[in-house]
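# here's my sequence, what's the structure:
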Amino acid sequence: MSRIPTVSIAIPVFNGENYLREAITSIVLQSYRDFELVISDNASTDATERICREFCLQDQRIRYIRQAVNIGAARNFNMLVAEARGRYFKWMAHDDVIAPTYLAACVEVLERDATAVLASTRVRYIDSSGNQHEEYASPFRIGDPDPSVRFSEMMRGGGRCYEVFGLIRRNELLQTSMIGCYYHGDGVLLAHLALLGRFEELPDILLYLRRHEKQSMYVFGVAYRNVAPDFEAYADWFDPRNHVGISRSFSRMLADYCGMVRVAPLSFAHRLSCVRVVGIWLWKRWRFIAGEWKRTLLNALGADLKPRSRLNEDT
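Below you'll find the predicted structure:
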């Protein structure tokens, strides 16, 4: 495969034999043909490898990479950006499906509008059997021309970060720190992208997100279920190197928010507005950050800490 494609689609997967075939098939059937598909298998123990190699034999646009050990979800997502060659980049979950016109519609937006850094569509949920349920649209003003407004919208919480599965300009994505290896790392990435350009949401429903009991947001209770979310275990899922109980997710979020506001190409007024947004975020969460550093100190002193996994947090 010598020719550089316009679009790179990336599937990070771990033990995805249940829905992987359907996801890959929906990509292969795209009406927009100028793409590559890169799959990173995070040391799966099921039939994921066999399924991927079968598709590689059928379509030369598909590349398969297998990790020797489980490197965590965030690193498995991020390494695919470096492997990609296209001008536009899209992550796709192994259990989701895109309509045949998804790529064509999103590419058309980015080709037409240089101010848009990300193009996505409305979403419809499907269940484990593929039955369609309610739709979802972004609650954020993601298309506002003011970068401080977009940043504030992504910082206020209340969304589900599905924009991360949109089509993204790869050059702008490379200006970020990618997905952080902590809880809500995908949301922090979206905040950085919002500083770099507008998000365009198409009114058509072309992305189908699957809800099932084995997906991470169900397993750790961070969405869909009326149970206390297990943020520490979720941080461990993002990166197994996280020490459950002292992952310092909120402290790392704060550092990344400050860093992106400092380096983003903003006017003085917009930068000042973004600093204010980060200050408000910190005021609402300083107790969590203080608690993280208290536990870090106690751990350094040899205290036997039990994981604080059940937190009430609105991010």
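# sketch out the low-pLDDT regions of the stretch 201-315 of the chain for me.
For the stretch 201-315 of the chain, the stretches with pLDDT under 70 are 212-246, 304-315.
# show me where it has helices.
Under the criterion DSSP state H, counting those that start in this stretch, helices of the stretch 201-315 of the chain are mapped to 216-219, 231-238, 249-263, 268-300.
# which one of those is the most hemmed in?
helix 231-238 (a mean of 24; mean count of other CB atoms under 10 Å). Backbone N, C-alpha and C define where each C-beta goes, glycine included.
# measure the closest residue to residue 34 other than its chain neighbours to residue 107 for me?
Leaving aside its chain neighbours, residue 34 sits nearest to residue 6 (4.5 Å; criterion: CB to CB, 6 or more residues apart in numbering). Per CB to CB, to the nearest Å, residue 6 is found 7 Å from residue 107.
# what sits in contact with each of those two?
Shared contacts of residue 6 and residue 107 (CB atoms under 8 Å, 6 or more residues apart in numbering): residue 88.
# got the contact list for stretch 109-123?
Residues contacting stretch 109-123 (CB under 8 Å, 6+ apart): 88, 102, 105-107, 135-138, 145, 162-163, 165-169, 172, 193, 196-209.
# quick one, longest strand in this protein?
strand 198-210 (DSSP state E).
# packing partners for that one?
Counting contacts by 3 or more CB pairs under 8 Å, 6 or more residues apart in numbering; DSSP states H and E, strand 198-210 is packed against strand 97-98, helix 102-112, strand 116-126, strand 132-136.
# which of those sits closest to residue 258?
strand 116-126 (20.8 Å; CB to CB).
# quick check: closest non-adjacent residue to residue 282.
For residue 282, the spatially nearest residue (CB to CB, 6+ apart) is residue 254, at 6.2 Å.
# just residue 66 next, same as before
residue 41 (4.5 Å).
# surely the one you found touches residue 65?
Yes: with contact defined as CB atoms under 8 Å, residue 41 reaches residue 65; the gap is 6.8 Å.
# returning to that earlier point: give me the neighbour count for the residue nearest to residue 66.
For residue 41, the count of nearby residues is 23 (other CB atoms under 10 Å).
# per-residue pLDDT, it?
pLDDT recorded at residue 41 is 97.
# measure residue 84 to residue 35 for me?
Distance from residue 84 to residue 35, by CB to CB: 10 Å.
# so what sits against both of the two?
residue 8.
# the two: who's more crowded?
Between residue 84 and residue 35, counting by other CB under 10 Å, residue 84 is the more crowded of the two (23 against 19).
# for that one, give me its contacts.
Per CB under 8 Å, 6+ apart, neighbours of residue 84: 8, 10, 36, 38, 170.
# wait, the second one sits on residue 90?
In other words, residue 10. Yes: between residue 10 and residue 90 a contact is recorded at 6.9 Å, counting by CB under 8 Å.
# spit out the residues that contact those two alike.
Joint contacts of residue 10 and residue 90 (CB under 8 Å, 6+ apart) do not exist.
# so the two - more neighbours on which side?
residue 90 (27 against 23).
# in its sheet, what does the strand or helix carrying that one sit against?
Element membership for residue 90, per DSSP states H and E: strand 88-91. Within its sheet, strand 88-91 is paired with strand 7-13 (parallel), strand 167-169 (antiparallel), according to DSSP bridges.
# for residue 31, find the nearest of those.
strand 7-13 (12.3 Å).
# distance between stretch 273-290 and the chain's centre?
22 Å (CA atoms, centre = their mean, to the nearest Å).
# which other residues reach that stretch?
So stretch 273-290 is contacted by 147-148, 151-152, 155, 195, 250-251, 254, 257-258, 261, 264, 266, 311, 313, 315 (CB under 8 Å, 6+ apart).
# give me the distance between the host helix or strand of residue 186 and the centre of its chain.
Secondary structure from DSSP H and E places residue 186 in helix 185-196. Offset of helix 185-196 from its chain centre (CA atoms, centre = their mean): 9 Å.
# let the chain start at 372 from now.
Got it, first residue is 372 now, which makes that one helix 556-567.
# what angle do it and helix 620-634 make?
20 degrees (axes from the mean of the first three to the mean of the last three CA atoms, to 10 degrees).
# give the other helices and strands that helix 556-567 contacts.
strand 487-497, helix 518-526, helix 541-544, helix 620-634.
# quick one: which of those is nearest residue 552?
Taking these one by one with CB to CB, helix 620-634 is closest: 8.1 Å.
# helices or strands up against that closest one?
So helix 620-634, by 3+ CB pairs under 8 Å, 6+ apart, packs with helix 556-567, helix 602-609, helix 639-671.
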